[in-house]
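Trainee: build me a model:
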Amino acid sequence: MSHQFGDLQIDTGKSIVRRGKTAVVLRPRAMLLLDLLVTNRDRVVSKQEIIDTIWSGLAVSEGALTSTVREIRKAFEDVAIETSLIRTHYGRGLQFLSPENSHSDGEELTDGTTQPLTKPYPRTVAILPFNCLSTDPEIEHLAYGLVDDTITHIARFRDVRILPHSSSVSVRGLNLPVRDLGSRLGARFVVEGSVRGAKTALKISARMIDAETEALVWSDRFELSEPPWSDDPENIAIEIGGSVVTSAFIYERRLSQHKANDELDAWECYVRGRGLQATFDPVVQEEACALYERAIRLDPQLVDAYAELAYSVSLQHGNAALDDAAAVGATPATDLRLRARDLARQAINLDWRIPFAWVALAYAQFSLGQVDDAISASERALDLNPNLGWAHNTLGLIYVQANRAEEAIVSFERALVVSSQDSYRWVSMAGLSLAMVLLDRHDEAVEWSRKAQTDPRATYLAFVGEVCALGHLGRRQDAEDVIRRAQAADARFGIPLVFRDFPLPDPEARKRIIGGLSKAGL
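Mentor: Numbering: from 1, shown residues only. Next comes the predicted model:
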């Protein structure tokens, strides 16, 4: 891999720093450090992170790090590049400055240090220590742990970069405006909050601010009562983390809407594509796929775009003919599913650590009726990120396929907890409705289906559970009213559409769902 800054080239594969015809070879450890700093040039890299990455956490002397930095600066000097590209932030760590930014010394802060010269990375989030308005040590400990848990949960998502707790603690007590805090930390978004009350009733507030404009992006309040709190604080941390990730993504998507397509960079194409994908509209998926493909052309290293492309291709099958044999002038659904599966595998081959690549693979396998393989892929996604709502949703749908209703309910309920701000919560509700049908809990099935239908983004799937339940209850006239509303959402609503989009290899699951639709008059 190589990094290019004007005529300065850093070739990590050959351990060479080159400018023009002049080249200097670095020792492996010096190149590892330089690569770490260049890759993370949007922020200050702490000494501990350097030691953990370069020396694998071993105890090393201050002189070892100093001599490694000196070797890099000497290489820059030898190729006639400013040695100040490697900036030391005393007490904080090191930062690489792009050559075009190296001429300035930065703006001096109140403590004598300087703020980063590079523009904050668009997706970087800093969570400040929550203000504890209580002198109770136990509550102070909870406030500290809440921030730490939230950072841990956000770190599992690739949509944003989260700064470590140590970075946020370093600005505690400086009493700087949010704009200055964001600039100092190299963060686009700053999250702050407070914990107040007594052990019997705690109130937690949190809010996320755009550090560049100081605009409020997201805020919410939470309450804890009746100690012991057990897992409640962790669930709040998960909810805050999920809200931060989703809100940052939605905020950047809105900003990208003001640009013409040909002005979008790779990340903006990816963001806009995900916004279109969330509509679940098969026709719109074609535009989403085009944006993902453009993102990949602009940045072949944006592996997440490969995974999202695979998922959008899966959703495109909704625009294919209901009968593959009758598909004229359109790609048959099975071919789209197979292509989606191949794309997901390609994403995994590029980087198996991307949770959504496994989700995309699971959904393609679900669409092909490959239940066991789909469960394995979903579980792999959740191993990588236990708080990925769509992975829980996909696993829930697969469990419905397999007539494992109780497990499906656990998955859908977990998705509702970890994805409080996401646009696909209606899928969790529709899935819960189907699981209730499998358990003959028809009144609950109707209730969950109606909740799903209230979301304007919901597709015909939101109506399936209610129609099935009413069919089994013998309420055919009521079912016909629901069918009319479902057909207003999709004129093709009927058993062929459901069976195409929701393969049911398990005979009992097929009997409960398809049988319920038949009893309702479809």
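Trainee: for residue 189, what are its contacts?
Mentor: 124, 125, 126, 160, 182, 208, 209, 210, 211, 217, 244, 248 (CB atoms under 8 Å, 6 or more residues apart in numbering). The way it works is simple: take the backbone N, C-alpha and C, and place the C-beta from them, glycine included.
Trainee: now with 7 Å, please.
Mentor: 125, 208, 209, 210, 211, 217, 248 (CB atoms under 7 Å, 6 or more residues apart in numbering).
Trainee: A strand includes the third one, no?
Mentor: Yes. Secondary structure of residue 209 (DSSP: H, G, I helix; E, B strand; the rest coil): part of a strand.
Trainee: and it, what's its pLDDT?
Mentor: Here the pLDDT value assigned to residue 209 is 94.
Trainee: from what I can see it touches residue 193, true?
Mentor: No. In this structure, residue 209 is not within contact of residue 193 by CB atoms under 7 Å, at 11.2 Å.
Trainee: the nearest residue to residue 389 once chain neighbours are set aside and residue 427: what is the separation?
Mentor: Of all residues not flanking residue 389 in the chain, residue 419 sits nearest, at 2.9 Å (CB to CB, 6 or more residues apart in numbering). Residue 419 is 10 Å from residue 427, where distance means CB to CB, to the nearest Å.
Trainee: hmm, residue 241 and the residue nearest to residue 389 touching each other?
Mentor: No. Judged on CB under 7 Å, residue 419 makes no contact with residue 241 at a distance of 10.7 Å.
Trainee: which of residue 209 and residue 193 has more residues huddled nearby?
Mentor: residue 193 (24 against 21; other CB atoms under 10 Å).
Trainee: now that one: phi and psi?
Mentor: Per-residue torsions, residue 193: phi -170, psi -180 (degrees, to the nearest 10).
Trainee: start at 453, not 1
Mentor: In the new numbering, first residue 453, that becomes residue 645.
Trainee: quick one on the thing from earlier: out of the contacts of residue 641, who's the most crowded?
Mentor: residue 577 (27 neighbours).
Trainee: apart from its neighbours in sequence, what residue is nearest it?
Mentor: Per CB to CB, 6+ apart, closest to residue 577 is residue 641, 4.6 Å.
Trainee: ok, what's across the strand from that neighbour?
Mentor: Bridge pairing for residue 641 (DSSP bridges) gives the partners residue 577, residue 662.
Trainee: distance of it from residue 497?
Mentor: Taking CB to CB, one finds residue 641 at 20 Å from residue 497.
Trainee: same thing with residue 464?
Mentor: Taken as CB to CB, the span from residue 464 to residue 497 is 16 Å.
Trainee: who's more crowded, these two?
Mentor: Set side by side, residue 464 and residue 497 show more neighbours around residue 497, with 21 against 17, by other CB under 10 Å.
Trainee: so the more buried one versus residue 808, what's the distance?
Mentor: Distance of residue 497 to residue 808, given as CB to CB: 27 Å.
Trainee: which parts of the top helix by length along the chain are buried?
Mentor: Across the chain, the longest stretch assigned as helix under DSSP state H is helix 684-708. Under the neighbour-count criterion of 16 or more other CB atoms under 10 Å, helix 684-708 has 684-705, 708 buried.
Trainee: ditto for stretch 525-533
Mentor: Per 16+ other CB under 10 Å, stretch 525-533 contains these buried residues: 527, 528, 531, 533.
Trainee: model confidence over the helix or strand encompassing the first one, on average?
Mentor: Spelled out, it's residue 527. According to DSSP states H and E, residue 527 maps onto helix 514-530. Helix 514-530 shows a mean pLDDT of 82.
Trainee: only C-alpha atoms, please: export that helix in CSV.
Mentor: The C-alpha trace of helix 514-530 is given here as CSV (Å, rounded to 0.1, in the frame of the first residue of the first chain):
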residue,chain,number,x,y,z
GLU,A,514,10.9,6.6,25.9
GLY,A,515,14.2,6.5,24.0
ALA,A,516,12.9,3.7,21.7
LEU,A,517,9.9,5.8,20.6
THR,A,518,12.0,8.9,20.3
SER,A,519,14.6,7.3,18.1
THR,A,520,11.9,5.8,15.8
VAL,A,521,10.3,9.2,15.3
ARG,A,522,13.8,10.7,14.7
GLU,A,523,14.4,8.1,12.0
ILE,A,524,11.2,9.2,10.2
ARG,A,525,12.0,12.9,10.5
LYS,A,526,15.5,12.2,9.1
ALA,A,527,14.0,10.4,6.1
PHE,A,528,11.8,13.4,5.5
GLU,A,529,14.8,15.7,5.7
ASP,A,530,16.7,13.5,3.2
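Trainee: other SSEs contacting whatever helix or strand residue 672 lives in?
Mentor: Using DSSP H and E, residue 672 falls within strand 667-677. With contacts taken as 3 or more CB pairs under 7 Å, 6 or more residues apart in numbering; DSSP states H and E, strand 667-677 sits against strand 653-662, helix 684-708.
Trainee: so can I have CSV of the ones you listed showing distance to residue 673?
Mentor: Shown next, in CSV, are the helices and strands packed on strand 667-677 (distance: least, CB to CB, whole Å):
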stretch, distance to residue 673
strand 653-662, 5
helix 684-708, 10
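Trainee: to residue 501, which of those lies closest?
Mentor: Comparing the helices and strands packed on strand 667-677 against residue 501 with CB to CB, the closest turns out to be helix 684-708 (20.7 Å).
Trainee: what packs against that closest one?
Mentor: Using 3+ CB pairs under 7 Å, 6+ apart: helix 684-708 touches strand 573-579, helix 589-606, strand 653-662, strand 667-677, helix 718-729, helix 857-870.
Trainee: tell me which residues of the host helix or strand of residue 801 come out buried.
Mentor: For residue 801, the enclosing helix or strand under DSSP H and E is helix 785-802. For helix 785-802, burial by neighbour count (16+ other CB under 10 Å) applies to 785, 788, 789, 791, 792, 793, 795, 796, 797, 799, 800.
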